[in-house]
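# Pasting the sequence and the predicted model now:
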Amino acid sequence: MSKLTDFYSQLAASVGMRYDSENNVIYGQKEGFELVVYAADRQVPYALTIHTAAKTPTGTAFVSEDFKNLSKSVSTLSVGGQSGNNITVPLMNIINQRKLRDALPERLREALNGLVAFLKERGCIPCCSVCGRAEEVTAYVSGASYLHLCPDCETKMRGSAALAEQEKAKKKENMVGGIVGAVLGSLVGVLSIVLLSQLGYVAALSGAVMAIGVLKGYELLGGRLTKKGIVISIVVMLAMTYFGDRLDWAIRMVQEGIGDNVFSCYRAVSRALKVGIIEKNAYLGNLALLYMFLLLGAVPTIINRVREKKTEGRLAKIGSSAGYGSYAS
């Protein structure tokens, strides 16, 4: 058991719930409401969000003002939202993650009590996330979403997921289209490199923009994003980052009156380096920073995309894997 898994299991037990290690969520029931607690961002594991499915007696959704009032009355809750019958409310974050971790048992307990009290005061009843019927529901994870489903909706969703998986398996990868899409998507990254440079920055943001643009472009025109597609996308990222850097130098040369237009200056960058018009150390240093930021942006983007691909169409029952902690209603 990892330190984080151990922490989550102890946290679950401290609030009378259980921890599903396979799906990395805390789950349980409180006063009739089925609840799921999860970290919306894996990079910030102590910033938790509470999810439940409920509806008002009239079936009307809560408005933003309702969630603002909830946040004011329960200090540990941030402003939440509602989509259909799904209600999600994040815990108020603390910038110091160590302090947040140490305070989480008490903060989560207060947040759960406050949310359930809020729902009960307004006469809400637990229901299915999809159909809204007030039946016995079970918590599920579907891709990156959490749902509380009645048996009928669970069966329907499994059928739809199976059909989608069959259609996906039939779709072939169009490598040529994927390469074209990756190059087109990379132009957004090139634009970010040039614009940020013109503002006087070499920012990590450009690496993330480049990675997202290339991967999305490949998948849109290639039909699928396979391992081969990821490798091709990485090559495109490297090449287009180099292109973006050279384009930036060419624009600078035009701005300084060294050349007439960007195209001729772009071709003259190598010569400008040889004769010292562009300082070699500055050029190499800038390019190295861009590649470093590309690495910082691309690695988590690719990892997250691979995770998303693995969970697409997946409907997993929360609590079906080995759980830790106690379960209390």
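Looks like it came in fine. Numbers count the residues shown, from 1 in each chain.

# only C-alpha atoms for contact and neighbour calcs from this point on.
OK.

# quick one, helices of the stretch 151-300 of the chain?
For the stretch 151-300 of the chain, the helices defined by DSSP state H, counting those that start in this stretch cover 151-170, 175-198, 204-222, 227-255, 262-275, 280-311.

# Could you work out the end-to-end span of stretch 17-31 for me?
12 Å (CA to CA, to the nearest Å).

# tell me which residues of that stretch are tucked away?
17-21, 23-30 (16 or more other CA atoms under 10 Å).

# again, but for stretch 261-276
V262, C265, Y266, A268, V269, A272.

# Same check on stretch 91-100?
Buried residues in stretch 91-100, counted by 16+ other CA under 10 Å: L91, M92, L100.

# thinking again about what came up before, can you tell me which of the buried residues of stretch 261-276 is nearest I232?
Of all those, Y266 has the smallest distance to I232: 25.1 Å, by CA to CA.

# looking at it, that closest one is touching V254, isn't it?
No - Y266 lies out of contact with V254 (CA atoms under 8 Å); the separation is 9.7 Å.

# Could you report the separation of the residue of the chain positioned farthest from its centre from F263?
Most distant residue from the mean C-alpha position of the chain: V275, 46.7 Å away (CA atoms, centre = their mean). Distance of V275 to F263, computed by CA to CA: 19 Å.

# swap in K171?
According to CA to CA, K171 and F263 sit 40 Å apart.

# Quick check: pLDDT value at V74.
Predicted confidence (pLDDT) for V74: 94.

# where do the helices sit along the stretch 1-150 of the chain?
With DSSP H, counting those that start in this stretch as the criterion, the stretch 1-150 of the chain has helices at 3-14, 64-73, 97-121.

# Most tightly packed of those?
Each of these was given a mean neighbour count from mean count of other CA atoms under 10 Å, and the largest, a mean of 18, is that of helix 3-14.

# wait, doesn't S71 sit right on G81?
No - counting by CA under 8 Å, G81 is not a contact partner of S71; they are 11.3 Å apart.

# middle-most residue in the protein, spatially?
Mean-position check on the chain, CA atoms, centre = their mean. Result D41 at 6.3 Å.

# what's the residue nearest to that one when sequence neighbours are not counted sitting at in phi/psi?
The shortest distance from D41 to any non-neighbouring residue, by CA to CA, 6 or more residues apart in numbering, is to A47 (7.7 Å). Main-chain dihedrals, A47, degrees, to the nearest 10: phi -90, psi 100.

# next one: the one 10 residues further on
Per-residue torsions, P57: phi -60, psi -30 (degrees, to the nearest 10).

# What's the local residue count around it?
P57: 10 surrounding residues under other CA atoms under 10 Å.

# List the residues that contact it.
G123, C124, I125 (CA atoms under 8 Å, 6 or more residues apart in numbering).

# Next, format these as JSON lines and append pLDDT.
Converted to JSON lines, the contacts of P57 look like this (pLDDT from 0 to 100):
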{"residue": "G123", "pLDDT": "94"}
{"residue": "C124", "pLDDT": "94"}
{"residue": "I125", "pLDDT": "94"}
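
# buried subset of those?
Buried among the contacts of P57 by 16+ other CA under 10 Å: C124, I125.

# List the buried residues for stretch 40-55?
A40, Y46, A47, L48, T49, I50, H51, T52, A53, A54, K55.
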